[in-house]
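**Student:** missing the sequence, but the structure's below:
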């Protein structure tokens, strides 16, 4: 009965005569348990060879692909006083629409005719520049005329010097002739005196010769005096030539100095003109800042400054603004240990807050309510939370994301890695190994 001996009593006892014994002998618990264990092991063995998609879980929020599509604050470029609001919270505005009108609060810009008066000052300074230009032209004409006059005066003196040189040469010849005539007259006087003492010449002839000697001596002195006078005149002409050159050089330098002074005044005036033009442009641009307009199509979300008459500082935020056209993306953060597994183009499954989903971690294709994404950028530096940021854009091959998504919403992400058997994934988790670092041969060929 208890099967503890080789001697069986089953043939000697009628089991059917005893109800309790009959119930005990009819139990099949052991067989059922064996079947359950057998089929469980078989099922677990089969399941161990099923494919499992390795993944890295992360959390993040919804942002936009480009910075110009993200929520922003509109600031006032200048300080001012609010005069009139043109919008309310929640309004849609087109690019260039007026949002708020402000007025001036700085006393330097209170003058209503500031722009026109600055324009008049600018015009007057421009006329001064034109006057300086005309003055410089006139001074250039003076320099040109002075140069021509100098050339004429110099040429005139040079011609006169040449004439004087010829006179000196002529007077030199005349002086030499007078010297010879005087010498001949003295010789003739000496002969006439000798002949007079010999009684061969009369006293009249002697006195005539003596008078001629006096005349020749006087003529010699006159020729020499004329010759020396012309030489003196030549020296005077050379001195005058040098004086003319010095005088013209002085006059030229004086006019040139006046020209340079005029040019300096012109440059100073042009500098003032440039400053006034800059000032005029600043005034004109500032007047355009009295009206704050929408930078692009979008929605007014919140007014940060309320009321009429309230003053705002330059650079102060006036309201928050959300652009109309937004290309959504997801910003997620991964641990440094998982960073080597991240690659641009990696597939991601996303679960958005507010959208119901049934998620199977190892079988993303069987999940319900998740959306596809693709990593398109990974930061090169670690964030302040000790993780690395990755940006995920919609996967064009998957169904589109919900239209009701808003920037700033939360999301859960599963970054899909390699497909491995379940037994490998269990072994990896038991040993605490990270997901597979190696790429499949097929993906390597595709990248090449």
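**Tutor:** Perfect, thanks for sending it. None of the values given here were measured: they were computed from a predicted structure.
**Student:** ranges for the strands of the stretch 251-400 of the chain?
**Tutor:** Along the stretch 251-400 of the chain, counting by DSSP state E, counting those that start in this stretch, strands occupy 291-293, 298-303, 311-312, 317-323, 328-334, 347-352, 371-378, 388-394.
**Student:** So which elements touch the longest one?
**Tutor:** This points to strand 371-378. Judged by 3 or more CB pairs under 8 Å, 6 or more residues apart in numbering; DSSP states H and E, strand 371-378 is in contact with strand 347-352, strand 388-394. Using the backbone N, CA and C atoms, a C-beta is placed for each residue, glycine as well.
**Student:** The third one too?
**Tutor:** Judged by 3+ CB pairs under 8 Å, 6+ apart, the packing partners of strand 311-312 are strand 80-85.
**Student:** Name the residues that touch the strand it packs on?
**Tutor:** 99-105, 289-290, 303, 305, 307-312 (CB atoms under 8 Å, 6 or more residues apart in numbering).
**Student:** Equivalent analysis for stretch 277-285, please.
**Tutor:** Residues outside stretch 277-285 that contact it (CB under 8 Å, 6+ apart) are 109, 114-115, 118-119, 122.
**Student:** follow-up on the earlier one: quick one, which of the strands of the stretch 251-400 of the chain is nearest to residue 36?
**Tutor:** Distance to residue 36, taken as CB to CB, is lowest for strand 347-352 among those, at 35.3 Å.
**Student:** Give me the angle between that closest one and strand 388-394.
**Tutor:** Between strand 347-352 and strand 388-394, the angle comes out at 90 degrees (axes from the mean of the first three to the mean of the last three CA atoms, to 10 degrees).
**Student:** quick one: strands adjacent to strand 347-352?
**Tutor:** Sheet partners assigned to strand 347-352 using DSSP bridges are listed as strand 371-378 (antiparallel), strand 410-421 (antiparallel).
**Student:** Turn those strands into TSV, columns for mean pLDDT.
**Tutor:** TSV is the format used below for those (pLDDT from 0 to 100):
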stretch	mean pLDDT
strand 371-378	88
strand 410-421	74
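**Student:** Select, out of these, the one closest to residue 71.
**Tutor:** Of the strands paired with strand 347-352, nearest to residue 71 by CB to CB is strand 410-421, at 15.9 Å.
**Student:** Downstream of the helix or strand containing residue 32, the next helix or strand is which one?
**Tutor:** Assigned by DSSP states H and E, residue 32 belongs to helix 29-48. Following helix 29-48 in sequence order, the next helix or strand is strand 51-64 (DSSP H and E).
**Student:** what's the least confident stretch among the helices and strands packed on strand 371-378?
**Tutor:** Between the helices and strands packed on strand 371-378, the lowest average pLDDT goes to strand 347-352, which shows a mean of 83.
**Student:** how distant is that one from the center of its chain?
**Tutor:** 40 Å (CA atoms, centre = their mean, to the nearest Å).
**Student:** next one: stretch 288-298
**Tutor:** Worked out by CA atoms, centre = their mean, stretch 288-298 lies 25 Å from the chain centre.
**Student:** and the end-to-end length of it?
**Tutor:** Start to finish, the residues bounding stretch 288-298 are 21 Å apart (CA to CA, to the nearest Å).
**Student:** Residues in contact with it: which ones?
**Tutor:** With CB under 8 Å, 6+ apart, stretch 288-298 has contacts from 68, 72, 74, 76-78, 80, 92-104, 318, 321-325.
**Student:** Of those residues, select the buried ones using a ChimeraX command.
**Tutor:** Selection of buried members from the contacts of stretch 288-298 for ChimeraX, criterion 16 or more other CB atoms under 10 Å:
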select :72,74,76,78,80,93,99,100,102,104,318,321,322,323
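**Student:** Now, the contacts of stretch 288-298 that are in strands?
**Tutor:** Assigned to strands by DSSP state E, the following of the contacts of stretch 288-298 qualify: 72, 74, 80, 92-93, 98-103, 318, 321-323.
**Student:** got a list of contacts for stretch 121-136?
**Tutor:** Residues contacting stretch 121-136 (CB under 8 Å, 6+ apart): 259, 262-263, 265-266, 269-270, 272-273, 276-277, 280.
**Student:** per-residue confidence averaged over it?
**Tutor:** pLDDT averaged over stretch 121-136 gives 91.
**Student:** end-to-end on stretch 301-319?
**Tutor:** First-to-last residue span, stretch 301-319, CA to CA: 8 Å.
**Student:** which of the residues in it are buried?
**Tutor:** Neighbour-count burial for stretch 301-319 flags 303, 305, 312, 318-319 (criterion: 16+ other CB under 10 Å).
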